[in-house]
Structures are given as structure tokens and as C-alpha cells.
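Asker: Generate a structure from the sequence data that follows.
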Amino acid sequence: VQLVESGGGLVQPGGSLRLSCAASGFTFSRYYMSWYRQAPGKERELVAAIISAGGSTNYADSVKGRFTISRDNAKNTVYLQMNSLKPEDTAVYYCSARAPGLSSRSWGQGTQVTVSS
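Answerer: So this is what the prediction gives:
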């Protein structure tokens with residue numbers, strides 16, 4: 001399993017970014033895909049998740065209405081569109097993959113998102 005995130009950077013409050021996670025080495029369409037984030041001094045937390053079929057999603061309360069997770073099974077890629085960004089969204093964002101019925105996860109290397117004026 002290989003997951004490679006991209007799209008992070010520095011953005012002003014109120015701005016937008018789109019993160020991408022390119023996946024390889026497994027049957028992408030079958031896997032549950034998620035985005036997590038970890039801010040300095042804090043635990044890693046779930047941001048958004050999308051299941052393998054049907055596109056059902058769930059979000060952390062702190063990002064509902066601002067972030068959107070989506071997937072393109074033809075491109076083996078999952079996205080996180082982040083709008084109305086706030087300084088508290090500053091963190092390293094990680095892509096994660098989990099096979100249905102299993103508890104173990106695979107992780108990408110992370111991409112830094114910094115929201116600051």
C-alpha cells in the first residue's frame with residue numbers, strides 16, 4: 001500500500017485548499033479512505049472519511065460545512081476540499097486507507113497545511 005498526499009501549503013484565513021492522495025498497491029475502490037490531521041502538541045484526529053461504495057461520508061464536527069471529501073476510483077485518488085479555512089485548521093494532514101472488516105490502517109507521509117495571515 002502506498003499513499004502520497006499533495007496540495008498542502010500556506011493560505012490566509014478564509015481561503016481554500018484541495019488536498020489529493022494518490023493510492024497504489026491495493027484495490028482502491030474496495031477500501032475506506034480517510035483524512036486525519038495532527039496539530040503540534042495534539043493527538044491525530046479524524047477529519048473526514050468516505051466508504052468504498054456509495055460514497056457515504058462523515059466529518060468531524062469542526063469541519064462540517066467547510067470541508068468535502070471525495071474519491072475518484074478511476075484515478076485511485078481521494079480528495080479533501082477545504083474551504084473557509086481557519087488558523088485552527090493548521091496541521092499536518094494524513095491520508096489513510098483501511099480494508100473493510102480490518103482494523104489496521106495504512107498512512108501517507110502527510111502534507112502540511114498552514115492557515116495564517
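Asker: Strands along this structure, start to end?
Answerer: 2-6, 9-11, 17-24, 32-38, 45-50, 57-59, 67-72, 77-82, 91-98, 106-107, 111-115 (DSSP state E).
Asker: Poorly predicted segments of the chain, please.
Answerer: Applying pLDDT under 70 to the chain flags the ranges 53-54.
Asker: Distance of the closest residue to residue 3 other than its chain neighbours relative to residue 116?
Answerer: What sits nearest to residue 3 in space, not counting adjacent residues and going by C-beta to C-beta, 6 or more residues apart in numbering, is residue 108, at 3.6 Å. Where C-beta positions appear, they are placed from N, C-alpha and C, glycine not excepted. Distance of residue 108 to residue 116, computed by C-beta to C-beta, to the nearest Å: 23 Å.
Asker: the more surrounded of these two?
Answerer: Neighbour count, other C-beta atoms under 10 Å: between residue 108 and residue 116, residue 108 has more, with 21 against 10.
Asker: Output the strands of the chain as JSON lines; include the columns mean neighbour count.
Answerer: Formatted as JSON lines, the strands of the chain follow (neighbours: other C-beta atoms under 10 Å):
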{"stretch": "strand 2-6", "mean neighbour count": "17"}
{"stretch": "strand 9-11", "mean neighbour count": "14"}
{"stretch": "strand 17-24", "mean neighbour count": "19"}
{"stretch": "strand 32-38", "mean neighbour count": "21"}
{"stretch": "strand 45-50", "mean neighbour count": "18"}
{"stretch": "strand 57-59", "mean neighbour count": "14"}
{"stretch": "strand 67-72", "mean neighbour count": "18"}
{"stretch": "strand 77-82", "mean neighbour count": "22"}
{"stretch": "strand 91-98", "mean neighbour count": "22"}
{"stretch": "strand 106-107", "mean neighbour count": "16"}
{"stretch": "strand 111-115", "mean neighbour count": "18"}
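Asker: No further questions, thank you.
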